[in-house]
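Enquirer: fold the following, please.
(2 chains)
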Amino acid sequence: MDAVEAISVTDQISSRSRAPRKTVPSFRWLLPWLFVTPALFIYVVVVVYPMVVSVYLSFFRWDGVAPTKVFVGPQNYVALLSSDPVFWIALTNNAIWLVAALILPTSIGLALALILNSKFRGSRIFRTIFYIPAVLSLAVVGLIWTWMYQPTLGLMNQVLDLFGWKALERNWLGDPQVALYAVIIAAAWNATGLPMLLYLAGLQTVPMELLEAAKVEGAGPVRRFLYVTFPLLRETTLIVLAITAINSLKAYDIVYAMTYGGPANRTQVLGTWMYFQTYNYNTVGGGTAIAVVLFALTLIFAVPYLRLMVRNQ
Amino acid sequence: MSASSTETPLRLPAKTAFLPGKSIKVTLFYTVLIVAAFIWFIPVITLILTALKDAGDFAVNGTFSLPQSINWSNFSEAWDTGVKNYFFNSVFVTCVKVPAGILLESMAAFALTHMPFKWANRVFLFILIGLIVPIQMTLVPLTLLMNALSLIDTLTGLIILYIGFGIPFGVLVMRGFFRTIPTAVIEAARIDGCSYFRIFFRIALPLAMPAVITLCILDGVATWNEFILAQIFLRSDELRTLPLGLVQFSTQFSTQYDQLAAAVLISVVPVIFVFLFFQRYFVSGMAGAVK
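Expert: Alright, predicted model coming up:
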């Protein structure tokens, strides 16, 4: 009797527990979505959906207000390439900026990392000093350097004055010959911190024994760097170059703050020209077409970068 | 170890270990480094000197001279002309955006690493794309969308945009950290009958504190510094955040460099303070995040 009761009880328990076991698996797949969906939803609404719509809009002629958009096919792109001189100025400026960014901040960052990697008295203070510009807003960096470049009271011309090089003095941001380079220097001041930081992290992975061994073999510091350290930093270098390239194409704030694209559009980059087209001249189709071109250029550097990151995961 | 590490910066050949030569090289090394650091920091020094001077001092002594008398009034005047408003807007946006963003990002990252999730890799890749999208690519549709939702010219709308754009980087950082938590820990809690919500809030998130702090700093600085979205989506002066407010300030009061410099310093000091305070996390987190 007892045994029978016990059996029936266990039966009940097992049948009870069996029933939910059948339903639970069918909802289990939902559980991770519960965690992912809030983030995914905002991300899709704010980033992905607008991206797709931008591509769509780049095939229309539209002022952003009128109820009707006129489908024009690839005409916005054709117009950019064939009859918009400022687009070509912006594209050239982006190219100059890119080359400068791939050379200046990266090599200065690497040099600083090599010097500051070893622990000597005060090395942390020096690291801080060289890194601080990187935590400042690009808009603020723009304002600081606008003041440095100011024609009469700015530091640049005052220093040149001090050395008696009056001929070199100029209105740095107003002179079409030099304005772009003046802005790029300011941007490089801000962009050097990240490569320095990444190289400092990368140098931690270079084994001491290898360097010691090379030293014992009679390799001087230059050769130790060329044949041991730098090859081992290959991956760091790839990341640094990719991030610097992507960031240089994003240039916007600092141009807006320093020159507003001037003088006479000489310092426009794709980022600012897209803004002016869209919000000042109300040519939404042309503006989104510039954005698509900018994105396509970014992809050249971003795809290898993303692949590298996925491979590392 | 210590010997070799002091040698490395000096580029000393092993032979020249006698003292006089070494001390000359040490002096040379420090001189070069200090000069370089000084040149590097000139823009910041100029900014500080400018902010501490009054207008008359400029005219007489030029820009790069010590102020005749330290003059704090630039700061109070800038503060009262609107910087106060910008400052508190920035504080508000940063203090709402950062915790909210990190909560969403770490929940998603937790599901991507420690839950049975067939789509985990695909979802992660999909989110990674956001790391490389130029903001210009989203501006026009976002303007239309924000208009339709009447979120244009509101700090709420701006915060939602910031959260959306922050998700790829946040998920990347949090996922990287969650992967280092052994599956056994999570499984043990599962066997003890712990729900995933409890595991997330009671075990995973507390364990991930170093990553959370790193993200707080990186995200906080990025939010504090953001310019383009604020510029497009905020219209009224009283809602402006600091970078936007400062740029407007510079166009309106283009000749009052002393006040502008003071205003810029007010915006910069919190960031530098946070950086100095959390430097250790900052450096390791930043490097870990992109690797």
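Enquirer: could you list the low-pLDDT ranges of the stretch 151-291 of chain B?
Expert: Within the stretch 151-291 of chain B, the ranges that satisfy pLDDT under 70 run B:254, B:281-291.
Enquirer: residues near residue B:274, how many?
Expert: Other residues within reach of residue B:274 by the criterion other CB atoms under 10 Å in any protein chain shown amount to 17. Backbone N, C-alpha and C define where each C-beta goes, glycine included.
Enquirer: find the closest residue to chain B in the stretch 201-313 of chain A.
Expert: The nearest approach of the stretch 201-313 of chain A to chain B comes at residue A:201, 3.3 Å away (CB to the nearest CB).
Enquirer: which stretches of the stretch 101-250 of chain A form helices?
Expert: A:123-131, A:138-149, A:155-162, A:179-191, A:193-203, A:208-216, A:221-224, A:230-232, A:234-249 (DSSP state H, counting those that start in this stretch).
Enquirer: looking at those helices, which is buried most?
Expert: helix A:138-149 (a mean of 26; mean count of other CB atoms under 10 Å in any protein chain shown).
Enquirer: what's next to it, contact-wise?
Expert: A:133, A:136, A:154-156, A:172-173, A:182-183, A:185-187, A:189-190, A:253-258, B:42-44, B:46-47, B:50, B:225, B:227, B:243-244, B:246-247, B:250, B:257, B:260-261, B:264, B:267-268 (CB atoms under 8 Å, 6 or more residues apart in numbering or on different chains).
Enquirer: run a quick neighbour tally on the closest residue in space to residue A:45 that isn't next to it in sequence.
Expert: In space, and not counting its chain neighbours, residue A:45 is closest to residue B:164: 6.7 Å by CB to CB, 6 or more residues apart in numbering or on different chains. A count of nearby residues for residue B:164, using other CB under 10 Å, gives 25.
Enquirer: mean pLDDT for the helices of the stretch 101-250 of chain A - can I get that in TSV?
Expert: Putting the helices of the stretch 101-250 of chain A into TSV (pLDDT from 0 to 100) gives the following:
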stretch	mean pLDDT
helix A:123-131	90
helix A:138-149	94
helix A:155-162	88
helix A:179-191	96
helix A:193-203	91
helix A:208-216	89
helix A:221-224	89
helix A:230-232	92
helix A:234-249	92
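Enquirer: what's the closest of these to residue B:190?
Expert: helix A:193-203 (35.0 Å; CB to CB).
Enquirer: where does the residue in the stretch 51-200 of chain B that chain A sits nearest to sit, in terms of helix or strand?
Expert: As assessed by CB to the nearest CB, chain A sits closest to residue B:164 within the stretch 51-200 of chain B, at 2.6 Å. For residue B:164, the enclosing helix or strand under DSSP states H and E is helix B:155-178.
Enquirer: which SSE is immediately downstream of that helix?
Expert: Heading C-terminal from helix B:155-178, the first helix or strand you meet, by DSSP H and E, is helix B:183-191.
Enquirer: hang on, isn't residue A:168 packed against residue A:160?
Expert: Yes. Using CB atoms under 8 Å, residue A:168 is in contact with residue A:160, at 5.1 Å.
Enquirer: which residues touch the residue of the stretch 1-150 of chain A found nearest chain B?
Expert: Closest to chain B within the stretch 1-150 of chain A is residue A:46: 2.6 Å, counting by CB to the nearest CB. Shown in contact with residue A:46 (CB under 8 Å, 6+ apart): B:138, B:142, B:160-161, B:163-165.
Enquirer: list buried residues within those.
Expert: B:138, B:142, B:160-161, B:163-165 (16 or more other CB atoms under 10 Å in any protein chain shown).
Enquirer: which residue is nearest the middle of chain B?
Expert: Centroid-nearest residue in chain B: residue B:221, 2.1 Å away (criterion: CA atoms, centre = their mean).
Enquirer: contacts for the helix or strand hosting it, please.
Expert: Per DSSP H and E, residue B:221 falls inside helix B:209-225. The contact list for helix B:209-225 (CB under 8 Å, 6+ apart) reads A:135-140, B:90, B:93-94, B:97-98, B:101-102, B:105-106, B:162, B:166, B:169-170, B:173-174, B:176-177, B:205, B:242-243, B:270-271, B:274-275, B:278, B:281-282, B:284-286, B:288-289.
Enquirer: can you do 6 Å?
Expert: Around helix B:209-225, the neighbours that count as contacts under CB atoms under 6 Å, 6 or more residues apart in numbering or on different chains are A:135, A:137, B:90, B:94, B:97-98, B:102, B:162, B:166, B:170, B:173-174, B:177, B:271, B:278, B:281-282, B:285.
Enquirer: that older thread, what residues sit buried inside the helix holding residue B:164?
Expert: In helix B:155-178, counting by 16+ other CB under 10 Å, buried: B:155, B:157-178.
Enquirer: ranges for the strands of the chain?
Expert: As the question left the chain open, I've gone with chain A. A:60-61, A:70-71 (DSSP state E).
Enquirer: relative to the last one, what are the paired strands and their orientations?
Expert: Meaning strand A:70-71. When pairing is defined by DSSP bridges, strand A:70-71 lines up against strand A:60-61 (antiparallel).
Enquirer: which residues are in contact with the strand it pairs with?
Expert: A:69-72, A:285.
Enquirer: apply 10 Å and report the result again.
Expert: The contact list for strand A:60-61, computed with CB atoms under 10 Å, 6 or more residues apart in numbering or on different chains, reads A:68-73, A:75-76, A:79, A:283-286, A:288.
Enquirer: could you list every residue that touches the residue nearest to the spatial centre of chain A?
Expert: Most central in chain A under CA atoms, centre = their mean is residue A:247, positioned 2.9 Å from the mean C-alpha point. By CB under 10 Å, 6+ apart, the contact set of residue A:247 is A:98, A:101, A:105, A:138, A:187, A:190-191, A:194, A:301.
Enquirer: swap in residue B:131?
Expert: Going by CB under 10 Å, 6+ apart, residue B:131 touches A:243, A:246, A:302, A:305-306, A:309, B:165, B:167-169, B:171-172, B:290.
Enquirer: just name the closest of those residues to residue A:177, please.
Expert: Among the contacts of residue B:131, and counting by CB to CB, the member closest to residue A:177 is residue A:246, at 28.2 Å.
Enquirer: ok, the closest one touching residue A:301?
Expert: Yes. Contact criterion CB atoms under 10 Å: residue A:246 and residue A:301 qualify, at 5.5 Å.
Enquirer: which residues do the two both contact?
Expert: A:98, B:132.
Enquirer: hmm, which helix or strand of chain A has the shakiest average pLDDT?
Expert: Taking mean pLDDT, DSSP states H and E as the measure, the helices and strands of chain A show their lowest mean at helix A:2-28, namely a mean of 50.
Enquirer: excluding chain neighbours, what is closest to residue 42?
Expert: Defaulting to chain A. Nearest residue to residue A:42, sequence neighbours excluded (CB to CB, 6+ apart): residue B:164, at 4.6 Å.
Enquirer: not quite, I wanted chain B
Expert: Residue B:42's closest residue in space is residue A:155 (CB to CB, 6+ apart), at 6.9 Å.
Enquirer: right, I'll leave it there.
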